[in-house]
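> When you get a sec, could you give me coordinates for this:
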Amino acid sequence: MIILGLNAFHGDSSAALVRDGVLVAAAEEERFRRVKHWAGFPSQAIAYCLRQGGLQLDDVQHIAVNQDSRVNLLRKIGYLVSHPPELGLVLDRLRNRRSREKVPELLAKAFSGRRFAGAFHNIEHHLAHLSSAFHVSPFERAVVVSIDGFGDFSSAAWGVGSGRDICAERRVHFPHSLGIFYQGLTQYLGFPHYGDEYKVMGLAPYGKPVYMDAMRKIVRLVPDGSFALDLIYFIHHRTRVPYQWTDGSPEMGDLYDVAALENLLGPRRKPDDPLEDRHRDIARSVQAMYEEAFFHLIQNAQRTYGLTDLALAGGCAMNSVANGKVRRVTPFRRVYVQAAAGDAGGAIGAAFAVWHKLGGERSFVMDHAYWGPEFGPGDIAGLVSGHRAEIAQAGCTVQELSDESALCRLTASAIAEGRVVGWFQGRMEWGPRALGNRSILCDPRRGDMKAILNAKIKRRESFRPFAPSVLEEAVADWFEEDDAVPFMMQVFQIREAKRSLIPAVTHVDGSGRLQTVSRRTNPRYHRLIEAFRDLTNVPMVLNTSFNENEPVVCTPQEALDCFLRTRMDMLVMGETVFSRQNEGKVLRQDAYSHLGEAV
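Here you go, the predicted model:
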């Protein structure tokens, strides 16, 4: 049975292909369109999934979309009757629904008039989220929780997953939403773009939670484990919020009531305003309030169901800081958050929900994120041949190293010398994190590496941390928690005695958003980190996404373009090594003298 799952007409549009209950391919449309969080119909992601599966559209038997406007219908009608919104808000919702109903026509347009002859399935938004976590997890039975902005008139759903079945007994309905709370306060703090919540999460450790009284006025915890917003601080439920979900970058207007929120917290920050201590304290308070509500919900669910495994999904499950605290503050012992926990993951969830609805058994566990396009030696050789003059003009040399051990030793040595290395290998990652196949790698021991990366390539806010990729067998020695975190979806505290040894990946609060690297799922990346450990006694590298204010690179051409237009020192693409000769080593021999013999 072949099922194509889609997240369409929303941010992070995506497609996933499932054959007989096993994931074959998955990718976000942004990687092909080169527009961050691209919203619309994911035609290019669909085309990739079909190519990867060796299929034509005619071969697909089922298409599943992670939205079903028929669910919660009576509740929607009741709310509209008792709280009539502006006409524009209703018309926007109707336009979005009509867009989703055009999927057959859009498929025909994208695939030269071919008509899809199989069955369409609309999967309720939060059921798709829950399926995207539980049905690909290693758990046979677990508490399942989905929390986000909104989808199909709900902002949260939770219950139990058991075998093939998911029973979401509890929900929080429109207009109350933790996702709207976090996004609205993110906008208030001067970060207006879709997906900017991670900036607030990164800023929060620099502040103090001195605004908690105000936060508890905005969000109220309900004894049954749910939560409610004080709606005087928001406008999403009563007026038309401008948004753009079609064929481009997703955009959304302010969700909060300016006068009410400024009366509570003071003047909002404009995007170009300097960051002050007040903004840092508000960010810390926003994160703390989110955690209060999040733990209130999952602890109630744990008491209700008595299980110690937890599968998390939804946009709020991207809050890796909260995720990393679950085992510390609750009875849950295992936590699973798949690589694309937000709306992109709904493509996988919709597909697996259909597979199990039609009687399919569970046989697949997602233990890695490498589901995107792959390029072979011929692709890279053709790229080099076609760009020799440009490569030479940039002062670069090219060499081939077919011996993997030598390749990893050379790369590890360059990283240990302070060079910034692009690492392009195998299949592209699914989800927002670079996990060792489309990564920029650096030395975590350098205290100035954040500044170097921002100057050479990333050009992002200085308060945002960089992450470590660590050998999974070394986690317990370096972190206060010991668990598999293959998707970089949890933040752990770094052991206090180790923090000074790896300042480039230690956040201001002593934490690190780690990725555990397994020899089984990514042997070349594991071997590279082993080579770095052999040189330095540090079993990790700094890992950030291979991009420059754009989506993560997908193709060899995009990787080479990014390398040439930035000041990256080396690019390792498959077995081909590009080295920039005119940069010189950026490391003095005594740069690590303050670390002593431990390194």
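> most residues in a single strand of this structure, which one?
Across the chain, the longest stretch assigned as strand under DSSP state E is strand 141-151.
> Name the next helix or strand downstream of it, please.
strand 154-162 (DSSP states H and E).
> Now do the helix or strand just after that following strand: everything it contacts.
Going down the chain from strand 154-162, the next helix or strand is strand 165-173, by DSSP H and E. Contact with strand 165-173 is made by 72, 75, 79, 126-127, 130-131, 134-135, 144, 146, 153-161, 224-227, 301, 353, 356, as judged by CB atoms under 8 Å, 6 or more residues apart in numbering. In short, each C-beta sits where N, CA and C put it, glycine included.
> Run a quick check on Arg114 versus Ala108, I expect a contact.
Yes - between Arg114 and Ala108 there is a contact under CB atoms under 8 Å: 6.3 Å.
> among the contacts of strand 165-173, which ones are buried?
Neighbour-count burial (16 or more other CB atoms under 10 Å) is assigned, among the contacts of strand 165-173, to 72, 79, 126-127, 130-131, 134-135, 144, 146, 153-161, 225-227, 301, 353, 356.
> Poorly predicted segments of this structure, please.
73-74, 76-77, 79-101, 582-599 (pLDDT under 70).
> Residue nearest the middle of it, spatially speaking?
Pro432 (3.6 Å; CA atoms, centre = their mean).
> Report the contact partners of that one.
Pro432 is in contact with 318, 340, 342, 344, 552, counting by CB under 8 Å, 6+ apart.
> try Gln302
With CB under 8 Å, 6+ apart, Gln302 has these contacts: 143, 308, 310, 330-332.
> buried ones in the top helix by length along the chain?
The longest helix of the chain (DSSP state H) is helix 277-305. Within helix 277-305, the residues scored as buried using 16+ other CB under 10 Å are 278-302, 304-305.
> Give the buried residues for the next helix or strand after it.
For helix 277-305, the succeeding helix or strand toward the C-terminus, using DSSP H and E, is strand 309-313. Using 16+ other CB under 10 Å as the test for burial, strand 309-313 gives 309-313.
> Equivalent analysis for stretch 61-72, please.
Buried residues in stretch 61-72, defined by neighbour count with 16+ other CB under 10 Å: 62-69, 71-72.
> How about stretch 102-117?
Those would be 103, 106-107, 110-111, 116, for stretch 102-117 by 16+ other CB under 10 Å.
> how big is the angle separating the longest strand of the chain from strand 165-173?
When axes from the mean of the first three to the mean of the last three CA atoms, to 10 degrees is applied, the directions of strand 141-151 and strand 165-173 differ by 40 degrees.
> picking up where we left off before, including neighbour count and distance to Met252, could the contacts of Pro432 go into CSV?
Compiled in CSV, these are given as follows (neighbours: other CB atoms under 10 Å; distance: CB to CB, whole Å):
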residue, neighbour count, distance to Met252
Met318, 24, 17
Ala340, 32, 20
Gly342, 27, 14
Ala344, 31, 17
Val552, 24, 23
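> and stretch 320-331, C-alpha only, in PDB?
The C-alpha coordinates for stretch 320-331 follow below in PDB (Å, rounded to 0.1, in the frame of the first residue of the first chain):
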ATOM      1  CA  SER A 320      13.500  21.800  23.400                       C
ATOM      2  CA  VAL A 321      14.200  23.600  26.700                       C
ATOM      3  CA  ALA A 322      10.900  22.300  28.200                       C
ATOM      4  CA  ASN A 323      11.300  18.900  26.600                       C
ATOM      5  CA  GLY A 324      14.700  18.500  28.200                       C
ATOM      6  CA  LYS A 325      13.200  19.000  31.700                       C
ATOM      7  CA  VAL A 326      10.500  16.300  31.400                       C
ATOM      8  CA  ARG A 327      12.400  13.500  33.100                       C
ATOM      9  CA  ARG A 328      13.600  15.900  35.900                       C
ATOM     10  CA  VAL A 329      10.200  17.200  37.000                       C
ATOM     11  CA  THR A 330       7.700  14.500  36.000                       C
ATOM     12  CA  PRO A 331       7.500  10.700  36.500                       C
END
